[in-house]
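Q: Fold the following, please.
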Amino acid sequence: MTALPTILVVDDEQRSLESLYRILEDDFDVKTALTIQEAEQLLQQEWVQVILCDQRMPELTGVEFLKQVREKWPDVIRMIISGYTNSDDIIHALNDAGIYQYISKPWHPDKLIHLLKNACQMYDLQRQNESLSVELKRLSTHVDKSITAKREKLRDSYLLKDQLSINGKECRDDGIVRTSESSMNDVCEKISRVAPYDVSVLLTGESGTGKELAARKLHYNSLRWDKVFVVENCGALPDELLESELFGYKRGAFTGAVEDRVGLFERANGGTVFLDEIGDVSPAFQVKLLRVLQEGEIRPLGSGKTRHVDVRIIAATNKHLETEVREGRFREDLYYRLAAVT
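A: Numbering: from 1, shown residues only. Model (predicted):
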């Protein structure tokens, strides 16, 4: 059997208390008090959800008492019942005591029961909201810890470990497994030296030589290791689609844009963006990338406002960008922004 919600009725007139008790007892667990002292004692002993208090009491007014209740038992829903409709009383009740409802006499029993049921429901909703807030906070903390642990594990995989032996050969493993005589050793050592500095890096080399792996090593050895690392292949998309992917867009910016979308630059705020095949982007799109590097600003498609982003850009290409610059296919200013370290 479901327990009835508990309400406390406070009135200095015995007949009024008895009348209210008879009307409400079928729907509520009714507690009654003739004095403020009795009411406070019941509040200390019982789990009360709603107080229905008469405004004209000998010790304190109903508003003055409920103001004290608000301070001591803030979760309890407070209601005033009165035969007087003084506007000042109503205003003070709403402002000072946080009254849920000011009920004027004469009242109709069915309406009073309905108002009290609504008040009890509001109490339950407040409690549920508090519980959910606590659970959400715990979940958020758990998720944060889980994400941090996974990022730490990723970071550890890109830190230099003890030397190991594979097929009798002495090898190194810092996310890039290689022998002690490998030509990649110099590259990996340079990456380790450059990683902590918050500068753009341009990686060059043929396809399949591990440029993305090097980019990840740069990220996880940097001060941004605990933030997002995102990858975009610039050579695989036309300008319009690439712009929407990197910069995002507003609803209605183009056909099919049915909702706002956050771009990769904004999603990676605080972290690192790896732009693969940067040598394939058009001159028109190069201008937009230059603004990100120079000003740290983006403007989503369809938006009139710019947004600030804080990202480290690592770019890669299998083209010889210096030649591309000389032949006018790649902007010189963008090249030097990207190639702070090569």
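Q: what about residue 151, distance to residue 246?
A: Note on residue 151: its distance to residue 246, by Cβ to Cβ, to the nearest Å, is 23 Å. For every residue, glycine as well, the C-beta is placed using N, CA and C.
Q: Looking at those two, which has the bigger crowd around it?
A: Set side by side, residue 151 and residue 246 give different neighbour counts by other Cβ atoms under 10 Å, the larger being at residue 246 (25 against 16).
Q: Now the more buried one: which helix or strand?
A: Secondary structure here is read from DSSP states H and E; on that basis residue 246 sits in helix 239-247.
Q: what residues does that helix touch?
A: The set of residues that contact helix 239-247 without belonging to it, under Cβ atoms under 8 Å, 6 or more residues apart in numbering, is 232, 234, 237, 253-254, 261, 263-265, 273, 281-282, 284-285, 288, 298-301.
Q: Alpha carbons only: can I get it in PDB?
A: This file holds the C-alpha atoms of helix 239-247, laid out as PDB (Å, rounded to 0.1, in the frame of the first residue of the first chain):
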ATOM      1  CA  ASP A 239      35.900  22.700 -50.200                       C
ATOM      2  CA  GLU A 240      32.300  23.100 -49.100                       C
ATOM      3  CA  LEU A 241      32.100  19.800 -47.200                       C
ATOM      4  CA  LEU A 242      35.600  20.400 -45.700                       C
ATOM      5  CA  GLU A 243      34.500  23.800 -44.400                       C
ATOM      6  CA  SER A 244      31.400  22.500 -42.800                       C
ATOM      7  CA  GLU A 245      33.400  19.700 -41.200                       C
ATOM      8  CA  LEU A 246      36.100  22.000 -39.800                       C
ATOM      9  CA  PHE A 247      34.100  25.200 -39.000                       C
END
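Q: buried stuff in it?
A: Within helix 239-247, the residues that qualify as buried by neighbour count (16 or more other Cβ atoms under 10 Å) are 242-247.
Q: what does the helix or strand following it rub up against?
A: If you walk from helix 239-247 toward the C-terminus, the next helix or strand you reach (DSSP H and E) is strand 248-249. Applying Cβ under 8 Å, 6+ apart, the external contacts of strand 248-249 come out as 257, 260-263, 265-266, 298, 300-303.
Q: Tell me which two of those residues sit farthest apart.
A: Using Cβ to Cβ, the pair of the contacts of strand 248-249 lying farthest apart is 257 and 265, separated by 17.6 Å.
Q: the more surrounded of these two?
A: Neighbour comparison, residue 257 and residue 265: the larger count goes to residue 265, with 25 against 15 (by other Cβ under 10 Å).
Q: roughly how far apart are residue 336 and residue 137?
A: Using Cβ to Cβ, one gets 47 Å for the distance from residue 336 to residue 137.
Q: between those two, which one's more packed in?
A: The residue with more neighbours, out of residue 336 and residue 137 and counting by other Cβ under 10 Å, is residue 336; that gives 13 against 10.
Q: before we move on, the earlier item: and the contacts of helix 239-247, which of them are in helices?
A: Helix and strand membership here follows DSSP state H; of the contacts of helix 239-247, those in helices are 264-265, 284-285, 288.
Q: before we move on, which element is residue 16 in?
A: For residue 16, the element it lies in under DSSP H and E is helix 14-24.
Q: Buried by neighbour count: which residues of stretch 318-330 qualify?
A: Judged by neighbour count using 16+ other Cβ under 10 Å, the buried positions of stretch 318-330 are 318, 321, 324-325, 330.
Q: on that earlier part again, buried residues in the helix holding residue 16, which are they?
A: By neighbour count with 16+ other Cβ under 10 Å, helix 14-24 contains the buried residues 16-17, 20, 23-24.
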